[in-house]
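# Structure for the following, please:
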Amino acid sequence: MSTQPSKALETFDNPHPQRDYTIRIRMPEFTCLCPKTGQPDFAELELEYVPHEYCVELKSLKMYIWSFRDEGAFHEDVTNQILDKLVSVCNPRFMRLTADFNVRGGVYTTIVAEHRDPVWKAPERVELP
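Below you'll find the model as predicted:
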């Protein structure tokens, strides 16, 4: 695999497809460009998902996230683009992408986009004493 930005995402077989479990990935160095001014926008992305058949391979995810560095995109659009691409390659039971953008013009923006497989039912949360 190259060390250049790439729109390709790789997956691997979920090693425990019989079990619901959560994968959390934090990406604190996301950048894209403001489509109005061309100035850089910075965000921390948090991906949370319950895999089904596939998990996303981390190096390819890093290269994919890097590929937005020189692209102009509104916060709402780029967050949903990334989620749509991840869902298309992983086909998760559940996936949430939170994009927490740094301040721009005195305004902070956080975008949360979710996907839920319609046949999947989330397990009840267990509270331990």
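# residue ranges of the strands in the protein, please?
Here the chain has its strands, by DSSP state E, at 11-13, 23-33, 40-50, 54-56, 94-104, 107-116.
# Export those strands as TSV, with columns for mean neighbour count.
Where C-beta positions appear, they are placed from N, C-alpha and C, glycine not excepted. Converted to TSV, these look like this (neighbours: other C-beta atoms under 10 Å):
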stretch	mean neighbour count
strand 11-13	12
strand 23-33	15
strand 40-50	19
strand 54-56	19
strand 94-104	18
strand 107-116	14
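# Check which helices and strands the lengthiest helix in the chain sits against.
Secondary structure of the chain per DSSP state H: the longest helix is helix 75-90. Judged by 3 or more C-beta pairs under 8 Å, 6 or more residues apart in numbering; DSSP states H and E, the packing partners of helix 75-90 are strand 40-50, strand 54-56, helix 58-66, strand 94-104, strand 107-116.
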